[in-house]
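> have a look; sequence and predicted model below, questions after that.
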Amino acid sequence: MTITTTTPLLQLVQVSKHFGDLRAVDEVSLEIKQGTVTCIVGPSGSGKSTLLRTVNMLESIDGGAIFFDGEMIGHQVRDGHRIPVSASVARRQTLNFGMVFQHFNLFPNYTALENVTIAPMLVKGVKRKVADETGARVLAQVGLADRKDHYPNELSGGQQQRVAIARALAMEPKLLLFDEPTSALDPELVNEVLAVMRGLAEEGATMLIVTHEMRFAEEVADEVIMMDAGRIIERGAPRDVIHNPTAARAQKFFASVG
Ligand code: ADP
Ligand code: MG
């Protein structure tokens, strides 16, 4: 008998995040199952980064709830009272997320390997020898086995972003979050980063990816979600969402990026 779990790895229930009068994220609900890839698309300012930041606990939320692995990690508003998540839960759960940003933000005075090993050593207390072994493995995984002793300024933008992906992998996160990981790259460097992400998907990584790369989303995503003005206006199978959206706003958006 095989035991299957139906609990999603990540669940957002009517999550809202306001900045003053602005509803940056407006009652967004979504579920991400383990081993799946979800791509979030949408125009600039639609709330994509803010949504990722609420998942990653970089932002508190003003409504709704966030569950990870069945445990509530997001602040919840109930009867007007905000219920904070305990600091220890937040600290423990934050370790489950690996985040890759548009600007890779590597430490310039550290080698690729040092950039990858510093968090496991400082945050998780991993011994240097073990951290170095894991670091070498994840750098090889992103195709940079021969660049581990290079400094960021000796690497191309695509290579730097791959180091940033390796840095996230080194923490062995359960969920990888990407916020426009190829948007800052020269066009000829985009594919090498997408290839690494495609490889991670094939190996079963669970990923939530904000991207403008529609062809990548169509090929790799299990679900594509389109946001506009803080809300999800379209969601479903990549082909349907990208090529056959129902909302007029979505039709206009995909025509402009396609
Ligand atoms: P996207 O990533 O889709 O471009 P963002 O999540 O960055 O959108 O922003 C959504 C909206 O929230 C925008 O109008 C943005 O200006 C606003 N916003 C984001 N962060 C803040 C903040 N810290 N303070 C005030 N407004 C913010
Ligand atoms: Mg953004």
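Received the coordinates, thanks. Residues are numbered from 1 along each chain as shown. Ligands and ions are numbered 1, 2, ... in the order given.
> mind listing the residues bridging to V28?
Following DSSP bridges, V28 is listed with bridge partners V15.
> wait, it sits on I232?
Yes - the criterion here is C-beta atoms under 8 Å, and V28 meets it with I232 at 5.7 Å. (Glycine included, C-beta is placed from N, CA and C.)
> what does the chain put close to ligand 1?
With C-beta under 6 Å from any ligand atom as the criterion, the chain comes near ligand 1 at residues F19, L22, A24, G42, S44, G45, S46, G47, K48, S49, T50.
> so where do the helices sit in this structure?
Taking DSSP state H as the test, the helices found in the chain are 48-55, 87-94, 112-124, 128-141, 157-170, 187-202, 214-220, 238-243, 248-257.
> could you pull up phi and psi at D21?
phi -80, psi -10 (degrees, to the nearest 10).
> any idea how far it lies from ligand 1?
Noted for D21: a distance of 10 Å to ligand 1, by C-beta to the nearest ligand atom, to the nearest Å.
> gap between that residue and L51?
19 Å (C-beta to C-beta, to the nearest Å).
> just Q161 next, same as before
21 Å.
> least reliable of the helices of the chain by average pLDDT, please.
Mean pLDDT values for those show the minimum at helix 87-94, a mean of 77.
> now do the buried residues in it.
Q93, T94 (16 or more other C-beta atoms under 10 Å).
> could you give the angle of that helix to helix 112-124?
150 degrees (axes from the mean of the first three to the mean of the last three C-alpha atoms, to 10 degrees).
> what's next to helix 87-94, contact-wise?
N56, M57, F68, E71, I73 (C-beta atoms under 8 Å, 6 or more residues apart in numbering).
> just stretch 158-165 next, same as before
So stretch 158-165 is in contact with 100-101, 104-106, 112, 115-116, 139, 142-144, 147, 150, 152, 155, 181-182, 185, 189-190, 192-193, 196-197, 200, going by C-beta under 8 Å, 6+ apart.
> S44: how many residues sit nearby?
Using other C-beta atoms under 10 Å, S44 is surrounded by 8 other residues.
> V210 versus that one, what's the distance?
S44 is 11 Å from V210, by C-beta to C-beta.
> in this structure G64 contacts H18, no?
No - contact criterion C-beta under 8 Å: G64 and H18 do not qualify, at 11.6 Å.
> who has more neighbours out of the two?
A side-by-side neighbour count of G64 and H18, using other C-beta under 10 Å, places G64 first with 20 against 15.
> follow-up on the earlier one: now, of the contacts of stretch 158-165, which are buried?
100-101, 104, 106, 112, 115-116, 139, 142-144, 147, 150, 152, 155, 181-182, 185, 189-190, 192-193, 196-197, 200.
> middle-most residue in the protein, spatially?
L177 (1.1 Å; C-alpha atoms, centre = their mean).
> now do the contacts for L175.
L9, L10, I32, V55, F68, N96, F97, G98, T206, M207, L208.
> for V13, that is, sorry about that
V13 neighbours (C-beta under 8 Å, 6+ apart): S29, G64, A65, I66, F67.
> with G42 instead?
Here G42 is in contact with K48, M226, M227, D228, F253 (C-beta under 8 Å, 6+ apart).
> of those residues, closest to ligand 1?
K48 (3.5 Å; C-beta to the nearest ligand atom).
> in the sheet, who's paired with the nearest residue to that closest one once chain neighbours are set aside?
Of all residues not flanking K48 in the chain, V210 sits nearest, at 4.5 Å (C-beta to C-beta, 6 or more residues apart in numbering). Counting by DSSP bridges, V210 is bridged to I40, D179.
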